[in-house]
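**Q** 3D, please:
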Amino acid sequence: MLPPLYYLVPVLGGYAATSYYLLKHPLILQKRKRLAFHCRHISHRGGAGEKIENTIEAFENAVAHHTDLLELDCHMTKDGRVVVSHDGNLLRQTGHNVNIQDVTYEELPRYKESLEVTFFPGHMSTGTDHRIPLLEEVFQRFPGKPINVEIKEDSDELIKKVSELVKRYQRVDRTIWASTSDRVMKKCRKENPQMPFMFTPRRGIFVLLLYYTGLLPFVDLPESVVETYMPSIINRTYFPKSSLMRNRFLVYLQDKLMVRRSLFQHLQARGIQVYLWVLNQDTDFRRAFDCGVTGVMTDYPSKLHTFLQEYEGGQRTQGVDAQDTASGDDQQRTHM
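**A** The predicted structure follows:
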């Protein structure tokens, strides 16, 4: 009787080779997603480092600096208005210990004169606009701009109203459902299944498991967008509340496991866009794009715009130089 390894080794070898080939050529098994947008430049809370976060002024500043996608957060007031705000309690943003759901839209306090940038501690943002806007205002002001709408409450009414606004302003194809909760995301998808949606953190872990077991090329993924942090910013510009998340070994391990060029390339080949957040320094921008992400989410739209001009210009120059070199080699061979 032949030992089990005699059969197991070629089977595992064949599986590994097939998985690797399909990782590089995913469209053999999977259908490519076709999104109506391609985002390199994403403005976190409208660009919270340059203007007061989630205000119309912030969104206008981001658009002026050629952002491809506005990222924002939604809550609902006592009188059923959908407003754009990251926090449900307004103490950090306004200095008033008020819950959005407990007051009417007219009773909402105004933002402080300046706010600390959440993902760049010690840096402040200011502006002339201190009013919490309605989501409808944002849709009206920026009709053609893709928008990532994060649902911050587990509220059926909020989800329904956001979906109704998306339909009313005919932007189903360019508005992304976003939530960190699987429960909330399930409700969002049920309410409006036509809208593209992001991976929740739990689903993101599932994708990593598929990737490292070689199963990823074989599994259908309904999501259209990956939005995740770049672990290397932890303890530099991002300080999670959990001490476990700040553990240096775990940060190193996460970075090695999550930031994988082959994984990002596979997802993008399937039409799934990959965004890393929230990056605010040129060194982090460069590392993200060098690793093959689709886009970067930042608090500084003008800084990212300047970086992309130089980075993409450098890539074009390298491409031209490579072509010139190849052409020169061809000419040499012709004259030999």
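**Q** Please, where are all the helices along this structure?
**A** Along the chain, the segments classed as helices by DSSP state H run 4-24, 56-64, 91-94, 135-141, 156-168, 182-191, 201-213, 248-258, 261-269, 282-290, 301-335.
**Q** any idea which of these is most buried?
**A** Mean neighbour count (mean count of other C-beta atoms under 10 Å) peaks for helix 56-64 among the helices of the chain, with a mean of 22. For the C-beta atoms, the positions are set from N, CA and C on the backbone; glycine is no exception.
**Q** Return the list of helices and strands in contact with that helix.
**A** Counting contacts by 3 or more C-beta pairs under 8 Å, 6 or more residues apart in numbering; DSSP states H and E, the secondary-structure elements packed against helix 56-64 are strand 41-43, strand 69-76, helix 135-141, helix 301-335.
**Q** thinking again about what came up before, among the helices of the chain, single out whichever gets nearest to Asp129.
**A** For the helices of the chain, the distance to Asp129 is smallest for helix 56-64, at 3.5 Å, taking C-beta to C-beta.
**Q** where does the protein have low pLDDT?
**A** Within the chain, the segments meeting pLDDT under 70 span 1-2, 5-7, 316-336.
**Q** Domain parsing of it, as residue ranges.
**A** Residue ranges for each domain of the chain read 40-197, 198-298, as given by automatic domain parsing.
**Q** Can I get these in CSV including distance to Leu22?
**A** What follows is these, written out as CSV (distance: least, C-beta to C-beta, whole Å):
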stretch, distance to Leu22
domain 40-197, 24
domain 198-298, 3
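**Q** dump the residue contacts of the nearest residue to Asp220 once chain neighbours are set aside.
**A** Closest residue in space to Asp220, ignoring its immediate chain neighbours: Gln30 at 6.8 Å, by C-beta to C-beta, 6 or more residues apart in numbering. Contacts for Gln30 were tallied using C-beta atoms under 8 Å, 6 or more residues apart in numbering; they are Pro217, Asp220, Arg270.
**Q** swap in Arg189?
**A** When the contact criterion is C-beta under 8 Å, 6+ apart, the partners of Arg189 are Trp177, Phe197.
**Q** do you know how far it is from Glu223?
**A** The gap separating Arg189 from Glu223 is 10 Å, by C-beta to C-beta, to the nearest Å.
**Q** Could you name every residue contacting both of those two?
**A** Shared between the contact lists of Arg189 and Glu223 (criterion: C-beta under 8 Å, 6+ apart) are residues Phe197.
**Q** my guess is Tyr300 meets Arg45, correct?
**A** No: with contacts counted by C-beta atoms under 8 Å, Tyr300 stays clear of Arg45, the gap being 11.5 Å.
**Q** between the two, who's got more neighbours?
**A** Ranked by neighbour count (other C-beta atoms under 10 Å), Tyr300 and Arg45 place Arg45 first, with 30 against 26.
**Q** count of neighbours near the residue lying closest to the more buried one once chain neighbours are set aside?
**A** Excluding the flanking residues, the one nearest Arg45 by C-beta to C-beta, 6+ apart is Glu53, at 3.9 Å. The local packing count at Glu53 equals 26, with neighbours defined by other C-beta under 10 Å.
**Q** so who does Leu69 touch?
**A** The contact partners of Leu69, by C-beta under 8 Å, 6+ apart, come to Phe37, Cys39, His41, Ile42, Ser43, Lys145, Pro146, Ile147, Asn148, Ile176, Tyr275, Gly295.
**Q** ok, now with 10 Å
**A** For Leu69, the residues meeting the contact criterion (C-beta atoms under 10 Å, 6 or more residues apart in numbering) are 37-44, 62, 145-148, 174, 176, 225, 273, 275, 295, 297.
**Q** Need the nearest residue in space to Asn235, chain neighbours excluded.
**A** On the basis of C-beta to C-beta, 6+ apart, the spatially nearest residue to Asn235 that is not a chain neighbour turns out to be Arg246, at 5.8 Å.
**Q** Look at the one you found and say how many residues are nearby.
**A** Using other C-beta under 10 Å as the criterion, Arg246 is surrounded by 14 other residues.
**Q** so it touches Tyr252, yeah?
**A** No: contact criterion C-beta atoms under 10 Å: Arg246 and Tyr252 do not qualify, at 11.9 Å.
**Q** measure Ala30 to Leu221 for me?
**A** If you look again at residue 30, you'll see it is Gln, not Ala. 8 Å.
**Q** How about Asp102?
**A** As for Asp102, its distance to Leu221 is 39 Å (criterion: C-beta to C-beta).
**Q** And those two? Which one has more around it.
**A** Relative neighbour count places Leu221 above the other of Asp102 and Leu221, with 18 against 11, counting by other C-beta under 10 Å.
**Q** ok now do the residue lying closest to the more buried one once chain neighbours are set aside, which residues does it touch?
**A** Once flanking residues are discounted, Leu221 sits nearest to Ile272: 6.5 Å by C-beta to C-beta, 6+ apart. Contacts were defined as C-beta under 10 Å, 6+ apart; by that measure Ile272 touches 26, 30, 32-33, 35, 196, 198-199, 207, 221-226, 264, 266, 294.
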